[in-house]
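Enquirer: Got a predicted model here, sequence first, then my questions.
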Amino acid sequence: MAQYVFPDVAPIRPGYDFQMRLQFPQDLWDAQEMASGRLVAQFRSAVPGPVLFEADTLALTIQREAPSTLAFFLSETATKPFAASTIVVFDIARFDGPEPGYDSSRIVLDKVTWPVLDTVTRDVE
């Protein structure tokens, strides 16, 4: 299983909205059929560990953009559970069926590690 570490990117800041975009080589995008099907990514501070946030094309927290790009949208509420971590890990699973566990499900991108940076100013009302 491949691991992808992104150390020189904007970190996720717990308690703040966060967007990231991952652009894929066109041959990988096509081979994994990422332009169709349901995509799900579960964010965790470690594996094994509890799910801190689940991004999903059905919830529009993962969206396809051209060319061969996935955009992730995490709300401030979604990023708050990341506060106890310095990284989050996720992979991306593709489902052809109506729900996870369907026979044609598979991992299309192995374990990704993304930095988390705690913020000083937070929980402002």
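Expert: Structure received. Residues are numbered from 1 along each chain as shown.
Enquirer: For this structure, which segments are assigned as helices?
Expert: In the chain, the helices defined using DSSP state H lie at 26-31, 76-79.
Enquirer: Report the buried residues of the shortest one.
Expert: Neighbour counts using 16 or more other CB atoms under 10 Å place 78-79 of helix 76-79 among the buried residues. (C-beta placed from N, C-alpha, C; glycine too.)
Enquirer: Tell me which stretches of the chain form strands.
Expert: For the chain, applying DSSP state E gives strands covering 4-5, 18-23, 38-43, 53-56, 62-65, 69-74, 87-95, 106-115.
Enquirer: quick one: which of these is nearest Ala31?
Expert: strand 106-115 (9.0 Å; CB to CB).
Enquirer: Asp17: what's it in contact with?
Expert: Contacts for Asp17 (CB atoms under 8 Å, 6 or more residues apart in numbering) come out as 73-76, 79.
Enquirer: And it, how far from Lys80?
Expert: Note on Asp17: its distance to Lys80, by CB to CB, to the nearest Å, is 11 Å.
Enquirer: Tell me the pLDDT of Pro48.
Expert: At Pro48, the model reports a pLDDT of 87.
Enquirer: again, but for Gly101
Expert: As predicted, Gly101 sits at a pLDDT of 55.
Enquirer: Relative to Thr113, which of the helices of the chain is closest?
Expert: Among these, if distance is taken as CB to CB, the winner is helix 76-79, at 16.1 Å.
Enquirer: Could you give the average pLDDT over the closest one?
Expert: Averaged across helix 76-79, the pLDDT comes to 94.
Enquirer: That'll do, ta.
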